[in-house]
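> quick check, what structure comes out for this input:
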Amino acid sequence: MLIADCGSTWSKIFDTESEELEIIQTREMVSREGLFFDRATGHSAKGRCAEFRNELISLAEGALALVDVPDFSVVDVGGRDIKYVRFEDRKVRKLDWNLACGSSTGATIELLGNYYEIDFSSLGPSKEWINVTCGVFGMEKVLELVSTGTPAGESVARFIHGMVRNVFNFAGRPEVLYLSGGFCDNYCFLGTFESYCKAIPLGRTVPLEGLKPGAGDRRIDDDLRTDEK
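Down below sits the predicted model:
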């Protein structure tokens, strides 16, 4: 069975028989002729799979498969959005999705990192932060800092700090927060979170866990229907 999480910038593809995982840029994924998935989620998966799963549902099912505590929150910071799920007694109590601005998403950080050739595996956190309620204005602030003598790494670290504040507030300011997505590999992002709460990275493949055969058996849908009664 071939399953995939096809995001706006990165795609994660998993073969359940060989257990091979492939992480590629989405532009490469869409260029592959004949690539079709048995089950998939993500912005770029529609029309490329036999069964499409909602992204929030896949994230929630995957989180339940990986986390064994009864009450917890998980947030996925993707290339163009943030997804949040809150569980109480292992049942969904809140789902949220932010598509409003790129200020707190991976694509903005990738642009800055590529432009300034920054290695995020070694970039340390900054105690200072930039207000990044708008991605474009936040990038402009980074450019301004660099032009006035602040090192590029420090300037981008301040942007990441502002981004962490946004994610922390979006998730309801929890004491413990499980993280999903590419930022689980970002040393600066994780280090900055230590100033706000205990952040536990789950890795980049959480939604894939929710797509695996037998995962969830639509438990999340049942939770949502129960809440509506």
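
> rest of the way, CA atoms for contacts and neighbours
Noted.

> so how far is stretch 138-148 from its chain's centroid?
Between the mean C-alpha point of stretch 138-148 and the mean C-alpha point of its chain there is a distance of 25 Å (C-alpha atoms, centre = their mean, to the nearest Å).

> for it, buried residues please.
Neighbour-count burial for stretch 138-148, counted by 16 or more other C-alpha atoms under 10 Å, picks out 138-139, 141-143, 145-146.

> and for residue 154, the neighbour number?
Counted by other C-alpha atoms under 10 Å, the residues lying close to residue 154 total 20.

> quick check: domain ranges of this structure?
1-52, 54-229 (automatic domain parsing).

> in the protein, which helix is the longest?
Longest helix in the chain by number of residues, with DSSP state H as the criterion: helix 152-170.

> who touches it?
Outside helix 152-170, the residues that touch it by C-alpha atoms under 8 Å, 6 or more residues apart in numbering are 82, 103-104, 109, 112-113, 116, 118, 123-133, 138-139, 142, 145-146, 174, 188-189, 192-193, 196.

> again with stretch 178-191
Outside stretch 178-191, the residues that reach it (C-alpha under 8 Å, 6+ apart) are 72-78, 106, 120-125, 157, 160-161, 164, 199-206.

> hey, which helix or strand in the chain has the poorest pLDDT?
helix 219-228 (a mean of 55; mean pLDDT, DSSP states H and E).

> what segments of this protein are strands?
For the chain, the strands identified by DSSP state E occupy 2-6, 10-15, 20-25, 37-41, 49-52, 72-77, 82-88, 91-98, 176-180, 198-201, in order along the chain.

> ok, the last one: who's next to it in the sheet?
Going back to what we said before, that points to strand 198-201. Sheet neighbours of strand 198-201, with direction, are listed as strand 176-180 (parallel) (DSSP bridges).

> much appreciated, bye for now.
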